[in-house]
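K.L.:
Provided below for reference: sequence and predicted model.
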Amino acid sequence: MTRLERRLLTDRFIKVVATSLAVLAIVLLAWILWTVFYRGLTALSFSVFTMPTESPGRGGGLANAIVGSLIQVLVGLVIATPVGLFAGTYLSELGRGRFADAVRFINDVLLSAPSILIGLFVYELLVKSTGAFSGFAGSIALAVLILPVVVRATEDMLRLVPGSLREAAFALGATRAQVVTSVLWRAARAGIVTGILLAVARAAGETAPLLFTSLGNLSWSFDMSKPMASLPVTIYQYAGSPFDEWVALAWAGAFLITVGVLFLNILSRVVLAPRGKAS
Amino acid sequence: MTAISPNSAPPGVTTSLHQGASQTSKQVKDKLFHYGLVGAATLVLIILGAIIVMLFKGGLPALETFGLGFFFSTEWNPVTEEYGAGVMLYGTLITSVIAMILAFPASLGIALFLTEVAPQSLRRPIGTAVQLLAAVPSIIYGMWGFFIVVPLMSGWVQPFLTTIFGPIPLIGELFSGAPAGTGILTAGLILALMIMPFITAMFVEIFVSVPPVLKEAAYGVGATTSEVFRAVTVPYGRTAIVGAVMLGLGRALGETMAVTFVIGNANRIKSTLYAPGASIASTIANEFPEAGPGSMKLHALLELGLALFIISFLVLALARFLVRPRMGD
């Protein structure tokens, strides 16, 4: 075998390995999705959406967990979005020097901090002091998870807005507040919305931070100061239970969460798509 | 990108266009807006500071009782109120190491496929699929691992590994014992599956950012695709690659749900990877319900949390230093 032949053979071999690994990854994705869809859909029924969780043997559904998740994620989003939008704007428009570098670094740390620690933190901060697990504490924990994603997305997207737009607005006599709110935020809207959608997708699937904050609730609860059910925590509790019908409900919940998260991810791509290279 | 200095709007121009009164209210509004921006940015710092303070304060009684020996003791006994982090630190590190050993070469291969080997028309759909895999919540990986992977591990994979590695001294020890399915090895495997798409996505970005001129020059002197990859692409992105691996490691260290489902939750260290174990995150998730407010167990769990925070903070700081050396302008 000549040297060239050996090199070409090596090249062929490495390409085959790389291709098989990619195929393996796709197969795994398909396998996970198939499991979740198959077991989830077989367990899915109308009552999953209409009935609250019940004790084993009495049927029941996941309605209270679904509603609880929606409430907590929504409240967390409402709390985190303005703060994240402002902090991200600060980093992009004024962010120079040590303070801004520190904020940027700390935000990156928050972005990848283990989510279970956020749960412990909010437990110490809110649950211990008020003496009660609450849906509100769950929302705060999710807000802490959402915040860094929004900060990062806002900063990155505002940096893509051309400087000439800012200059033009300032030249017309606009104040910074006006430049930011009526020019920059509008120009970067698609990108920021994408960031927010991804943040919601992340928060909606999080279990660990809710275990110690909103705890879970077996019946209906709309009171933010009381323990509140959520889909991920219910899945966690049900999946490990010895009752077949609870395990089936856990799969139904897993299906709903997966579909929701994937839908949000695909939606975020669609939102960004018309802008082409905006990412 | 141009900076906006506070004085970039010439005051003379604006006053000539507006009346004095509205001008002042505009300035007040602008000032308030400015404070709002600074305040929001400060809040980010405060949150992280508060997390550290809360974990430290909550864990302090455990630190006072057990001293630094807490981090080495392998005792975790709620009856005698003896707590140590040794088993969990071991479990956290060993599962993350297994995950990295499995995920790193796989991610490298998939990224190579996506950037150099795959036909152009396949790159986008497969790239998207990999990113979607990264978005699947960890509890789904945990459930899938528990119901699908664990039976496969005990029925097929573990007996198979034992027959292959069993006769080899030392290494055989790692793959010995009853194939329970759950345990350290399975937890590492599920973690690997979870972080693989995450790392792959970052690798693809790194490889794409290699200047085409460098690669073309290598192709020009007759290098093959894999030679260009080894000699140009990987060395060029080396720092960022290490950074991406660290980010993946940071994620593996703190992962809770995927690990809790499959690690087996036992407070022992055994030489075999088949043995059940515990990670810091899985212990916090599992034992928290039995830790009443003010109990030593709760303090010990918070102390564990602080340890996890410090470990991931160091890893993430290093990763960021390597991935985003200078993001500023």
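P.N.:
Here it is on my side, so go on. Model, not experiment: these values are computed from the prediction. Numbers count the residues shown, from 1 in each chain, chains lettered A, B, ... in the order given.
K.L.:
may I have the residues that are in contact with the residue in the stretch 101-250 of chain B positioned nearest to chain A?
P.N.:
At 2.6 Å from chain A, residue B:137 is the closest residue in the stretch 101-250 of chain B, using CB to the nearest CB. Bear in mind the C-beta positions are built from the backbone N, C-alpha and C, glycine included. By CB atoms under 8 Å, 6 or more residues apart in numbering or on different chains, residue B:137 lies in contact with A:204, A:205, A:206, A:207, A:232, A:257, A:258, A:261, B:257.
K.L.:
restricted to helices, list these.
P.N.:
A:204, A:232, A:257, A:258, A:261, B:257 (DSSP state H).
K.L.:
mind giving me the ChimeraX command for buried ones among the residues you listed?
P.N.:
Buried residues among the ones in helices among the contacts of residue B:137 (16 or more other CB atoms under 10 Å in any protein chain shown), as a ChimeraX selection:
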select /A:204,232,257,258,261 /B:257
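K.L.:
tell me which residues touch residue 204, please.
P.N.:
Let's take chain A. Counted by CB under 8 Å, 6+ apart, residue A:204 has contacts A:69, A:73, A:231, A:232, A:257, A:260, A:261, A:264, B:137.
K.L.:
to clarify, I was referring to chain B.
P.N.:
B:111, B:114, B:115, B:127, B:130.
K.L.:
now, which of the residues you listed lie within helices?
P.N.:
Counting by DSSP H, the contacts of residue B:204 contribute B:111, B:127, B:130 to helices.
K.L.:
filter those residues down to the ones near chain A?
P.N.:
Checking the ones in helices among the contacts of residue B:204 against chain A by CB under 8 Å from any CB of the partner chain, the ones in range are residue B:130.
K.L.:
which residues touch the residue positioned nearest the centre of chain B?
P.N.:
The residue lying closest to the centre of chain B (CA atoms, centre = their mean) is residue B:251, at 1.2 Å. Neighbouring residues of residue B:251 by CB under 8 Å, 6+ apart: A:112, B:194, B:195, B:198.
K.L.:
which of those residues sit farthest apart?
P.N.:
A:112 and B:194 (13.7 Å; CB to CB).
K.L.:
on that earlier part again, show the backbone phi and psi for the residue of the stretch 101-250 of chain B closest to chain A.
P.N.:
Phi and psi for residue B:137, reported as degrees, to the nearest 10, are phi -60, psi 150.
K.L.:
any chance of the contacts of residue A:204 in JSON lines, plus distance to residue B:88 and pLDDT?
P.N.:
What follows is the contacts of residue A:204, written out as JSON lines (distance: CB to CB, whole Å; pLDDT from 0 to 100):
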{"residue": "A:69", "distance to residue B:88": "29", "pLDDT": "94"}
{"residue": "A:73", "distance to residue B:88": "30", "pLDDT": "96"}
{"residue": "A:231", "distance to residue B:88": "28", "pLDDT": "94"}
{"residue": "A:232", "distance to residue B:88": "23", "pLDDT": "94"}
{"residue": "A:257", "distance to residue B:88": "28", "pLDDT": "95"}
{"residue": "A:260", "distance to residue B:88": "32", "pLDDT": "94"}
{"residue": "A:261", "distance to residue B:88": "29", "pLDDT": "94"}
{"residue": "A:264", "distance to residue B:88": "33", "pLDDT": "94"}
{"residue": "B:137", "distance to residue B:88": "23", "pLDDT": "93"}
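K.L.:
what is the rounded mean pLDDT of stretch A:112-121?
P.N.:
The pLDDT scores in stretch A:112-121 average 94.
K.L.:
would it count as contacting chain B?
P.N.:
Yes. Counting by CB under 8 Å from any CB, chain B is contacted by stretch A:112-121 at A:112, A:113, A:114, A:115, A:116, A:117, A:118, A:120, A:121.
K.L.:
tell me the most packed of these, by neighbour count.
P.N.:
residue A:120 (31 neighbours; other CB atoms under 10 Å in any protein chain shown).
K.L.:
is it true that that residue lies in a helix?
P.N.:
Yes. The assignment for residue A:120 is a helix, going by DSSP: H, G, I helix; E, B strand; the rest coil.
K.L.:
that one and residue B:50, how far apart?
P.N.:
12 Å (CB to CB, to the nearest Å).
K.L.:
go on, residue B:131?
P.N.:
For residue B:131, the distance to residue B:50 - CB to CB - is 32 Å.
K.L.:
hmm, back to that, which pair in the residues of stretch A:112-121 next to chain B spans the largest distance?
P.N.:
A:112 and A:120 (16.4 Å).
K.L.:
can you name the residues that contact the closest residue to residue A:119 other than its chain neighbours?
P.N.:
In space, and not counting its chain neighbours, residue A:119 is closest to residue A:209: 3.8 Å by CB to CB, 6 or more residues apart in numbering or on different chains. Neighbour list for residue A:209: A:115, A:116, A:118, A:119, A:122, A:138, A:141, A:142, A:144, A:145 [criterion: CB under 8 Å, 6+ apart].
K.L.:
got a list of what the third one touches?
P.N.:
Same thing as residue A:118. Applying CB under 8 Å, 6+ apart, the residues near residue A:118 are A:141, A:144, A:145, A:208, A:209, B:51.
K.L.:
ok, so of the residues you listed, who is nearest residue A:39?
P.N.:
residue A:208 (22.8 Å).
K.L.:
list phi and psi for the closest residue to chain B within the stretch 51-200 of chain A.
P.N.:
The stretch 51-200 of chain A approaches chain B most closely through residue A:114 (2.4 Å), counting by CB to the nearest CB. In terms of degrees, to the nearest 10, the main-chain angles of residue A:114 are phi -60, psi 130.
K.L.:
surely it meets residue B:308?
P.N.:
Yes. Assessed by CB atoms under 8 Å, residue A:114 is found in contact with residue B:308 at 5.9 Å.
K.L.:
excluding its backbone neighbours, what's nearest the one residue in the stretch 151-279 of chain A that gets nearest to chain B?
P.N.:
Nearest to chain B in the stretch 151-279 of chain A, going by CB to the nearest CB, is residue A:205, at a distance of 2.6 Å. Nearest residue to residue A:205, sequence neighbours excluded (CB to CB, 6+ apart): residue B:137, at 2.6 Å.
K.L.:
just give me the neighbour total for residue A:129.
P.N.:
Neighbour number of residue A:129 under other CB under 10 Å is 9.
K.L.:
scratch that, residue B:131 is what I was asking about
P.N.:
The burial count for residue B:131: 16, using other CB under 10 Å.
K.L.:
any chance of TSV for the ones in helices among the contacts of residue B:204, columns pLDDT and distance to residue A:32?
P.N.:
Below are the ones in helices among the contacts of residue B:204 laid out as TSV (pLDDT from 0 to 100; distance: CB to CB, whole Å):
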residue	pLDDT	distance to residue A:32
B:111	94	20
B:127	86	18
B:130	85	13
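K.L.:
just the ones in helices among the contacts of residue B:204 now: which is nearest residue A:155?
P.N.:
Closest to residue A:155, out of all of the ones in helices among the contacts of residue B:204 and judged by CB to CB, is residue B:127, at 24.3 Å.
K.L.:
in terms of contact, does that closest one touch residue B:114 like I think?
P.N.:
Yes. With contact defined as CB under 8 Å, residue B:127 counts as touching residue B:114 (5.6 Å).
K.L.:
and those two? Which one has more around it.
P.N.:
Taking neighbours as other CB under 10 Å, residue B:127 and residue B:114 compare with residue B:114 leading, 24 against 18.
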